[in-house]
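**Q** quick one: sequence plus predicted model below, questions after.
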Amino acid sequence: MTIDLEKLAEDFWSAVGGKESYPRSLETSVGWALPLAIVKLTHLGVRAVEDWFHRRGMTGFCELTDRQLRACLVARFGHGIVLIDATDPEDEQRFSLAHELAHFILDYLKPRQTALAALGSDVLDVLDGLRKPTPQERLSGVLRGLVIGSYTNLMDRTTHNSIADINTLDSETMADRLALELLAPLRATYAKMGTAAIDFRNGNATTDTTALLLTHFGLPARIARSYATMLVYRRRSKPSFREWLGI
């Protein structure tokens, strides 16, 4: 199924009531648009996440080997909490929030809304893990792939290339793509590249685009480099009509 990421981003800004200027922090906008809280902890890790929830009477969210994290998303009962490493640079925190926001929309909120639209409010207790689905609910196929109970996503500090599970890799890739559409939308990025007079025909296009993504859109360097490579490749692979004619 094709997901229109541009529309999802536009729906988010419609719920906010307006778009932020660049670079976007998203922190205030998230509060206006979604039932999603943001918490910042120093030196975020699996144990720190578990301790934070345990002090609030909630347990069993992670139960994994301790390691450092950039961010963590926990969602239940239609609401979510994003925990972010407060010691990360501002640009890393910006992308971490956008990435976890994307997971909340793509992997939790959107499937939940689909199930509610198809089966009605009676399915809420199933989605929240309060009862098992009936045979009819199982047969409907709507519950396939939906999260039952709480949803947890850990944004590790390792690269996505280290992830073996192809489903997880797809989920992370989609979350990255929506995060970029929120922070540096494709149309706005190409428009800015045009006003910056970036020449796609020379060898400096990727470097110049990376610099633009760093300074204007506030992306972290590791993300800006890979996004710039994609943008330049995509632009070069689609010559204009004049270029196609050799003019």
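**A** That came through fine. Since the structure is predicted, the reported quantities are computational estimates derived from the model, not experimental observations. Numbers count the residues shown, from 1 in each chain.
**Q** so L178 makes contact with F104?
**A** No. Using C-beta atoms under 8 Å, L178 is not in contact with F104; the gap is 10.2 Å. C-beta: built from backbone N, CA, C; applies to glycine.
**Q** show me where this protein has strands.
**A** Along the chain, counting by DSSP state E, strands occupy 36-41, 69-76, 79-85, 151-156.
**Q** run a quick neighbour tally on the spatially closest residue to L106 that is not a sequence neighbour.
**A** Take L106 and drop its neighbours on the chain: the residue closest to it by C-beta to C-beta, 6 or more residues apart in numbering is M174, 5.7 Å away. M174 is flanked by 16 other residues according to other C-beta atoms under 10 Å.
**Q** got a list of what the closest residue to A179 other than its chain neighbours touches?
**A** Once flanking residues are discounted, A179 sits nearest to A98: 3.7 Å by C-beta to C-beta, 6+ apart. Shown in contact with A98 (C-beta atoms under 8 Å, 6 or more residues apart in numbering): L26, L178, A179, L180, L182, L183.
**Q** of those residues, buried ones?
**A** Buried subset of these (neighbour count, 16 or more other C-beta atoms under 10 Å): L26, L178, A179, L180, L182, L183.
**Q** reformat those as JSON lines; add distance to P135.
**A** As requested, the buried ones among the contacts of A98 are exported to JSON lines (distance: C-beta to C-beta, whole Å):
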{"residue": "L26", "distance to P135": "42"}
{"residue": "L178", "distance to P135": "35"}
{"residue": "A179", "distance to P135": "38"}
{"residue": "L180", "distance to P135": "42"}
{"residue": "L182", "distance to P135": "40"}
{"residue": "L183", "distance to P135": "44"}
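**Q** G120: which of the residues you listed is nearest?
**A** Checking these against G120 by C-beta to C-beta gives L178 as the nearest, at 27.8 Å.
**Q** give me the number of residues near the nearest residue to the closest one once chain neighbours are set aside?
**A** Excluding its sequence neighbours, the residue lying closest to L178 (C-beta to C-beta, 6+ apart) is A102, at 3.7 Å. Using other C-beta under 10 Å, A102 has 27 other residues around it.
**Q** hmm, A102 is touching L183, no?
**A** No. Here A102 lies out of contact with L183, judged by C-beta under 8 Å, at a distance of 10.1 Å.
**Q** what about the closest residue to F104 other than its chain neighbours, distance to A37?
**A** Closest residue to F104 apart from its sequence neighbours, by C-beta to C-beta, 6+ apart: G80 at 4.9 Å. For G80, the distance to A37 equals 7 Å [C-beta to C-beta, to the nearest Å].
**Q** which of these two has more neighbours?
**A** Neighbours per residue (other C-beta under 10 Å) separate G80 from A37, with G80 holding more: 25 against 13.
**Q** partner residues bridging that one?
**A** Beta-bridge partners recorded for G80 (DSSP bridges): L36, A75.
**Q** what distance do you get for it to V123?
**A** G80 is 19 Å from V123, by C-beta to C-beta.
**Q** show me the helices in this protein, by range?
**A** Along the chain, counting by DSSP state H, helices occupy 5-16, 27-33, 46-54, 90-103, 110-119, 124-127, 135-140, 166-183, 186-195, 205-215, 221-236, 241-244.
**Q** the residue nearest to F104 and T87: what is the separation?
**A** Using C-beta to C-beta, G80 is found at 22 Å from T87.
**Q** and F95, by the same measure?
**A** Distance, F95 to T87, using C-beta to C-beta: 15 Å.
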